[in-house]
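Q: Structure for this input, please:
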Amino acid sequence: GETYIIPVTLNHGFIYPETKLAFICEGDIYGLNRQKKTQRTRGGERIAAFTDLRVGDYVVHENHGIGQYMGTVQLVTDGVRRDYLFIRYQGSDKLYVPTDRLDRVQKYIGQEGTAPKLSQLSGSEWARQKSKVKQSIREIAGDLLKLYAKREKSQGYAFYPDDEIQHRFEERFPYAETDDQLQSISEIKADMERPRPMDRLLCGDVGFGKTEVAFRAAMKCVLSDRQCAILAPTTVLALQHYRTALQRFDQMPVRIEMLSRFRTPKEQKKILSDLEKGKIDIIIGKGPSARSYQLSLPKFTLIGATTRAGQISAPLRDRFGVVMRLEMYKNEELARIVKRSSGILNIPLDDEGALQIASRSRGTPRIANRLLKRARDFAEVKYDGVITKEAAMEALSSMEIDELGLDSVDRRLLTTMIRNYNGGPVGLETISAAIGEESITIEDVYEPYLMQIGFLARTPRGRQVTPAGYQHLGIPFNQSGNTNTDQQRFDI
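A: Numbers count the residues shown, from 1 in each chain. Here you go, the predicted structure:
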């Protein structure tokens, strides 16, 4: 007879007497009938299929560390031909990972434009790094456990339930709330009414309604005989929030003030004096680099709202136990918002015209209302003042806004990447210099929407235009300029 060793997973062996074939498993020899569960790490970006990888991408193997993906190869082992991921490590070290073991490999996530140090297959550095990380995680877990145990024992302030003034304030909101907003508002109010310290962080892109959620929480705070502070990252943004708050809290029994360099020293001194005496309900000011003042205040609740949760320092971010995110508005929701705004502004608008404006508003009410006003001016000149579907389409086309909401800058960004850099990958600063826009503007204004609709992708080596972006611009997708034409696919 002959003996073969086959790398398969079976719980029990079996015998075929007719063919004189016997399968003997590890459990039959050692008495083990339970497979050890493989723990999957979650530190990197999960890979759904090997086609998500591009040649040159850096990856992390859970047992061997950081390597560089060099493509897929076919190898024959024990007479069986299989596909393997070829990963290059430090020096001439190579690792071949079967495609059915893809769960052990994750994309490397690090600073863009900086290549990581490759690990050694025969070295122990990766094991030491994993050990250090595990120890750090244990320490952080212990600190968090102590923090939450202390927080559970702490006595917070239970804010009052909503009253008639709160309801009247919320009914004056000129837009239709999204499901995410309503859920966030409901959960935040419920937390505020509990007699325990609150820990909640609200995230969402620009224009998704974070400020309104914060204003409703501020109103509930004021109506519960407490004072509220709103912090802004810049002086200009503090002024913008101050003006928005004055408009939003108009005709409400609330006094709002602002502390910034736009106030004279005499005005600041008066504001601080009134704040300490409890005469000011809501104070708005710049957070970073702000001056410190010693005030005697009761315990307070902190609610954060940000578009960049990753830029909050880890100690501060860890203090928020609940993180919520606002998603993009749907076209139907934006259409209702546009219809309501048209009623407030006395702009004749039919349903098809509202839907046309909504579909080109990048999922943001602020943009929808801006486009509504521009379409009104256009309709008054050419369409007797009524915004129909045709009027809206012609008005938006004249502003170079296409059917998906992309404007001239969006298209110039994608076209420049394709024409000058073969679609990428290309760094953010290079794109900024090429199209004449600040990198922070690209990152905050244009890039998020292009990524959400699948026209732009981020890789460890820079930004990359996807095939969908090529198709939208009417440019043929040519793979010949890329390093690996066989494996270049996008999961979009």
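Q: ok but Ala149 is inside a helix, no?
A: Yes: under DSSP: H, G, I helix; E, B strand; the rest coil, Ala149 sits within a helix.
Q: Check Lys37 and give its pLDDT.
A: Predicted confidence (pLDDT) for Lys37: 43.
Q: got the contact list for the nearest residue to Thr234 once chain neighbours are set aside?
A: Excluding the flanking residues, the one nearest Thr234 by CB to CB, 6 or more residues apart in numbering is Lys286, at 6.4 Å. To be clear about C-beta, it is placed using only N, CA and C from the backbone, and glycine gets the same treatment. When contacts are counted by CB atoms under 8 Å, 6 or more residues apart in numbering, Lys286 touches Leu231, Ala232, Pro233, Thr234, Thr235, Leu237, Ala238, Leu259, Ser260.
Q: which among those residues end up buried?
A: Buried by 16 or more other CB atoms under 10 Å: Leu231, Ala232, Thr235, Ala238, Leu259, Ser260, out of the contacts of Lys286.
Q: Of these, just say which sits nearest to Ile401.
A: Ala232 (29.6 Å; CB to CB).
Q: Quickly find the element holding the nearest residue to that closest one once chain neighbours are set aside.
A: Excluding its sequence neighbours, the residue lying closest to Ala232 (CB to CB, 6+ apart) is Ala238, at 3.9 Å. Using DSSP states H and E, Ala238 maps to helix 235-248.
Q: Output the below-cut-off pLDDT ranges for this structure.
A: When residues are selected by pLDDT under 70, those of the chain lie in 1, 8-11, 27-52, 111-113, 287-326, 478-492.
Q: The stretch 201-350 of the chain: strands as residue ranges?
A: Remark: strands assigned in the stretch 201-350 of the chain by DSSP state E, counting those that start in this stretch are 228-232, 256-259, 282-286, 303-306, 322-326.
Q: The first one packs against which elements?
A: Using 3 or more CB pairs under 8 Å, 6 or more residues apart in numbering; DSSP states H and E as the contact definition, the elements that strand 228-232 packs against are helix 210-223, helix 235-248, strand 282-286.
Q: looking at these, which is closest to Asn331?
A: Asn331 lies closest, by CB to CB, to one member of these: helix 210-223, at 20.2 Å.
Q: CA atoms of that closest one as CSV?
A: Extracted in CSV, the C-alpha atoms of helix 210-223 (Å, rounded to 0.1, in the frame of the first residue of the first chain):
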residue,chain,number,x,y,z
LYS,A,210,-24.5,68.0,12.8
THR,A,211,-25.0,71.7,13.8
GLU,A,212,-28.8,71.3,14.1
VAL,A,213,-28.4,68.2,16.3
ALA,A,214,-26.0,70.2,18.5
PHE,A,215,-28.4,73.2,18.6
ARG,A,216,-31.2,71.0,19.8
ALA,A,217,-29.0,69.5,22.5
ALA,A,218,-27.9,73.1,23.5
MET,A,219,-31.6,74.2,23.7
LYS,A,220,-32.4,71.2,26.0
CYS,A,221,-29.4,72.2,28.1
VAL,A,222,-30.5,75.8,28.4
LEU,A,223,-34.1,74.8,29.3
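Q: how far is it from where the chain is centred?
A: 23 Å (CA atoms, centre = their mean, to the nearest Å).
Q: try stretch 90-99
A: With CA atoms, centre = their mean, you get 33 Å for stretch 90-99.
Q: which other residues reach it?
A: Under CB under 8 Å, 6+ apart, the answer for stretch 90-99 is 50, 61, 64, 67, 72-73, 75, 82-89, 104-105, 117-123.
Q: hmm, try it at 10 Å
A: Contact with stretch 90-99 is made by 7, 49-50, 59, 61, 63-70, 72-73, 75, 77, 82-89, 104-105, 117-123, 125, as judged by CB atoms under 10 Å, 6 or more residues apart in numbering.
Q: can you tell me the distance between the two ends of it?
A: 22 Å (CA to CA, to the nearest Å).
Q: Flag every buried residue along that stretch.
A: Neighbour counts over stretch 90-99 (16+ other CB under 10 Å) mark Gln90, Asp93, Leu95, Val97 as buried.
Q: Please identify which two of the contacts of Lys286 are farthest apart in space.
A: Taking CB to CB, the two most distant members of those are Pro233 and Leu259; they sit 14.5 Å apart.
Q: ok so, going back, measure how the helix holding Ala238 sits relative to helix 210-223, angle-wise.
A: 60 degrees (axes from the mean of the first three to the mean of the last three CA atoms, to 10 degrees).
Q: Would you mark the buried spots in the helix or strand containing Ile66?
A: According to DSSP H and E, Ile66 maps onto strand 65-77. Neighbour counts over strand 65-77 (16+ other CB under 10 Å) mark Gly65, Ile66, Gly67, Gln68, Tyr69, Met70, Gly71, Thr72 as buried.
Q: now do stretch 98-112
A: Neighbour-count burial for stretch 98-112, with 16+ other CB under 10 Å as criterion, is recorded at Leu102, Arg104, Val105, Gln106, Lys107, Tyr108.
Q: With stretch 213-232 instead?
A: Buried, per 16+ other CB under 10 Å, within stretch 213-232: 213-224, 226-232.
Q: I'd like the distance from it to the chain centre, please.
A: Taking CA atoms, centre = their mean, one finds the center of stretch 213-232 at 26 Å from the center of the full chain.
Q: same thing with stretch 272-283?
A: 36 Å.
Q: Let's see the distance spanning it from one end to the other.
A: 10 Å.
Q: residues making contact with it?
A: Outside stretch 272-283, the residues that reach it (CB under 10 Å, 6+ apart) are 215, 218-219, 221-223, 225-231, 241-242, 245-246, 249, 252-259, 271, 293-297.
Q: how does it look with 8 Å?
A: Contacts with stretch 272-283, where a contact means CB under 8 Å, 6+ apart, come from 218, 222, 227-230, 245, 249, 254-259, 271, 293, 295-296.
Q: just stretch 408-424 next, same as before
A: With CB under 8 Å, 6+ apart as the test, stretch 408-424 has contacts from 400, 402, 426, 430-431, 434-435, 437, 442, 446, 449-450, 455-456, 459, 462-465, 469-470, 472-473, 475, 481-482.
Q: What is the distance between it and the centre of its chain?
A: 23 Å.
Q: again with stretch 59-76
A: Remark: stretch 59-76 is offset 28 Å from the chain centroid, using CA atoms, centre = their mean.
Q: can you check stretch 174-192 too?
A: Distance, centroid of stretch 174-192 to centroid of chain: 19 Å (CA atoms, centre = their mean).
Q: May I see the buried residues of that stretch?
A: By 16+ other CB under 10 Å, the buried positions in stretch 174-192 come out as Tyr175, Ala176, Glu177, Thr178, Asp180, Gln181, Ser184, Ile185, Ile188, Lys189, Asp191, Met192.
Q: those helices in the stretch 251-400 of the chain, which residues are they?
A: 265-276, 314-317, 331-344, 351-359, 365-382, 389-398 (DSSP state H, counting those that start in this stretch).
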